[in-house]
Structures are given as structure tokens and as C-alpha cells.
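K.L.:
Dropping a prediction and its sequence here:
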Amino acid sequence: MNDPQFDPLLLSLKGIATRGGERGPLYDQGVLSVISQIEQSGTYKPSRLLPLINLGRNPDFARSYLTTNEMTELEEELVSRGWSPEQGAEYAAGVDAAETTLNHYRATE
């Protein structure tokens, strides 16, 4: 496994998100949340917030595959952060991009 302190892919992604990429501040926060986990523990745990992408972009689709409890949890998460569904989708898209790009740091358990 790569050392996060010297991983050019991680450092590049971190630099873009820290400077403010083109996708918006919540997207960058999502990217940085994954990077922070990697820097602290050497791995990241897949985010339970990824369904926010669909909830913000296509609520009917999201509701068609999420349980009532999952919907409630996601809606509570949005409220606790003061986000609209669209803002949650932006954050979750950043998380998804970082997790996909840095998949070699994914926790195995």
C-alpha cells in the first residue's frame, strides 16, 4: 500500500480540493473527508452517505430502492448539516470521486 504522505495521486487530489476545485465547496469537503480518514488511519471506510447523490438528483429513484429507515437517516443527516438534498448530493459526489480515485486505501473490513 502507498504511504499517503508520498502518494502523488492523493496529494494531487488533496491540492485541488484544498485550493477549491470547479465542482464546488461541498464537493471539495467530501473529497477532503476521505483524504482525512486516509491520513489518520491509512484507510477509509466506504461512506454511508453516497445515496445522497441520488436523493439530490433523482429523489424518486432514491426512494425506490432505499428503505424507510435509510431515507429517514439520510434526511436527518441533511437536517443536521443544514443542507438541501442538492447540497448533500454535491458533498456525496466528492466523497464518491475520492473513494473511487483512492480505492487502493479502502478498508477491507
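P.N.:
That came through fine.

K.L.:
switch to C-alpha atoms for all contacts and neighbour counts from now on
P.N.:
Will do.

K.L.:
which residue ranges form the helices in the protein?
P.N.:
Ranges of helices within the chain are 8-19, 25-41, 51-57, 59-65, 68-81, 85-101, based on DSSP state H.

K.L.:
Model confidence for the residue nearest the centre of the chain, exactly?
P.N.:
Centroid check for the chain by CA atoms, centre = their mean gives Val95 as the closest residue, at 1.8 Å. On the pLDDT scale, Val95 is placed at 97.

K.L.:
So it is in contact with Leu26, correct?
P.N.:
No - using CA atoms under 8 Å, Val95 makes no contact with Leu26, being 9.7 Å away.

K.L.:
Spatially nearest residue to Gln87 (excluding sequence neighbours)?
P.N.:
Leu26 (6.9 Å; CA to CA, 6 or more residues apart in numbering).

K.L.:
got a list of what that neighbour touches?
P.N.:
87-88, 90-91, 94 (CA atoms under 8 Å, 6 or more residues apart in numbering).

K.L.:
Of the residues you listed, which is the nearest to Lys45?
P.N.:
For the contacts of Leu26, the residue nearest Lys45 by CA to CA is Gly94; the value is 14.6 Å.

K.L.:
So among the contacts of Leu26, which ones count as buried?
P.N.:
Buried subset of the contacts of Leu26 (neighbour count, 16 or more other CA atoms under 10 Å): 87-88, 90-91, 94.

K.L.:
Put together a markdown table for these, with distance to Thr100 on each row.
P.N.:
Shown next, in a markdown table, are the buried ones among the contacts of Leu26 (distance: CA to CA, whole Å):
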| residue | distance to Thr100 |
| --- | --- |
| Gln87 | 20 |
| Gly88 | 18 |
| Glu90 | 15 |
| Tyr91 | 14 |
| Gly94 | 10 |
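
K.L.:
Of those, which is the nearest to Ala17?
P.N.:
Among these, and counting by CA to CA, the member closest to Ala17 is Gly94, at 9.2 Å.

K.L.:
low pLDDT regions in this protein?
P.N.:
1 (pLDDT under 70).
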